[in-house]
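Participant: quick one: sequence plus predicted model below, questions after.
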Amino acid sequence: MKKIITYSSLIIVSLGLIAWKLNANKNSNEAKIEIVRESSAGAVPVQIQTIKTTDIDQSFNENGNFQAVNQIELTAELAGRVSQLYVREGSVVKAGQAIAKIENEILNANQTEAKARLEQLKLNLARYEQAYKTGGVTQKQVDDARLELESAQAKAVQVNKNLMNSIIKAPVNGIVNVRYVEVGTYLAAGNKIVEIVDDSKLKLSVNVNEYQIIQLRNGDKVEVTASVYPEATYQGVITFIAAKSDASLNYPVEIEIKNIAGKALKAGMYGTAHFTPETKTASLTIPRSAFQGGINSNLVFINDNGKAKLQKVVAGRVYGNQVEIREGLKDGDQVIITGQINLVDGKAIAVVK
């Protein structure tokens, strides 16, 4: 008896579910039939979206590599053979510390000769000036002696400078990253001696596009993360914004960062700058799918009292699936977002929810 009651209950429930499903299918079919009926009558089924002005999130991320703020390739300022080297690769150096020495015996001799000549010309000028007072020489002879002394003084300055340049000194604090020469190497003026990298200050170099660059200013604060320490956030400041784009129409931007003790970054590592401009932009946006033939066409259809109206717009920035509209639409306009392939200007439409 219990089994009969159980089976009867199951049959009743099943019949109820079947009736509910048939009714749901009927309603769905009636809706579809209505769309087909409208379509047959000349109306094209479409979906629309009512647009309004909203604040746009201007934040964006860009990737790049860290570089040393001070990275210098030290070069020779005069020709000569390297007689001494005071550093090796990996040496820590201070600004003003001697790096290398170029043979300077000839320079020493030139300095001695220049000093002697200066003394002689000073005496000659004094004698000419004394003789001029008594009429023994002319004014031109005095002027020539003075000019010769001034020329010798300029030459002595150059000799002294060359002698000083024979001792190559570090211009900044840092680490010798590369040493290009050995003792005995002959250098011409301009040849590289060492590369010094100051990793106490780093900068992240990234490229941003034309829409992003107008939002940035020197001095803006930027948060920076690095792939080697994903849990850390480094504080950065924009120190350089290019005035001209590169060949790919991007603008180089440099962000100087502060290292974190125990998680110090090094030049060449990979990093990401997280830009969050303070300015907020209120804009009209529509889905990319609303454009007739793509964004570059600048053509969309809007609902004009039950008819499709082809509208010319001016598209601006793209935010994912949304496109900024600079001109051509206003708050409250109903933009057609699906079904445009079957539309022409003035065609009757049937709005499908």
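Facilitator: Okay, I see it.
Participant: how about the helices in the stretch 51-200 of the chain?
Facilitator: Assigned by DSSP state H, counting those that start in this stretch, the helices in the stretch 51-200 of the chain fall at 105-133, 139-165.
Participant: in contact with the residue lying closest to residue 149 once chain neighbours are set aside, which residues?
Facilitator: Excluding its sequence neighbours, the residue lying closest to residue 149 (CB to CB, 6 or more residues apart in numbering) is residue 121, at 4.3 Å. In short, each C-beta sits where N, CA and C put it, glycine included. Applying CB atoms under 8 Å, 6 or more residues apart in numbering, we find residue 121 in contact with 145, 148, 149, 152.
Participant: and what of residue 307?
Facilitator: Contacts of residue 307 (CB under 8 Å, 6+ apart): 346, 347, 348, 349.
Participant: so which of these comes closest to residue 274?
Facilitator: Ranked by distance to residue 274 (CB to CB), the contacts of residue 307 are led by residue 349 at 43.6 Å.
Participant: does that closest one sit in a helix or strand, and which one?
Facilitator: strand 349-351 (DSSP states H and E).
Participant: pLDDT wise, what is the nearest residue to residue 188 once chain neighbours are set aside at?
Facilitator: Among residues not flanking residue 188 along the chain, residue 79 sits closest, at 5.2 Å (CB to CB, 6+ apart). What the model reports for residue 79 is a pLDDT of 83.
Participant: just the one 3 residues further on next, same as before
Facilitator: What the model reports for residue 82 is a pLDDT of 89.
Participant: neighbours around it, how many?
Facilitator: 20 (other CB atoms under 10 Å).
Participant: dump the contacts of residue 307 into JSON lines; add pLDDT, distance to residue 273 and neighbour count as well.
Facilitator: Formatted as JSON lines, those follow (pLDDT from 0 to 100; distance: CB to CB, whole Å; neighbours: other CB atoms under 10 Å):
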{"residue": "346", "pLDDT": "92", "distance to residue 273": "50", "neighbour count": "10"}
{"residue": "347", "pLDDT": "92", "distance to residue 273": "48", "neighbour count": "16"}
{"residue": "348", "pLDDT": "93", "distance to residue 273": "51", "neighbour count": "14"}
{"residue": "349", "pLDDT": "92", "distance to residue 273": "46", "neighbour count": "24"}
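Participant: I'd guess residue 216 is in a strand, am I close?
Facilitator: No - if the criterion is DSSP: H, G, I helix; E, B strand; the rest coil, then residue 216 is coil and not within a strand.
Participant: dump the residue contacts of it.
Facilitator: Here residue 216 is in contact with 208, 238, 241, 253, 275, 277 (CB under 8 Å, 6+ apart).
Participant: follow-up on the earlier one: list the neighbouring strands of the strand holding residue 349 plus their orientation.
Facilitator: Its sheet considered, strand 349-351 pairs with strand 44-50 (parallel) by DSSP bridges.
Participant: what does the partner strand rub up against?
Facilitator: 35, 38-39, 286-287, 290, 301, 303, 308, 332-340, 342-343, 347-353.
Participant: send the alpha carbons of it over as CSV?
Facilitator: Coordinates of each C-alpha in strand 44-50 appear next as CSV, following Å, rounded to 0.1, in the frame of the first residue of the first chain:
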residue,chain,number,x,y,z
VAL,A,44,14.3,44.6,-37.1
PRO,A,45,14.9,43.2,-33.6
VAL,A,46,17.7,45.0,-31.8
GLN,A,47,19.0,45.6,-28.3
ILE,A,48,19.6,49.1,-27.0
GLN,A,49,21.5,50.8,-24.2
THR,A,50,20.6,54.2,-22.6
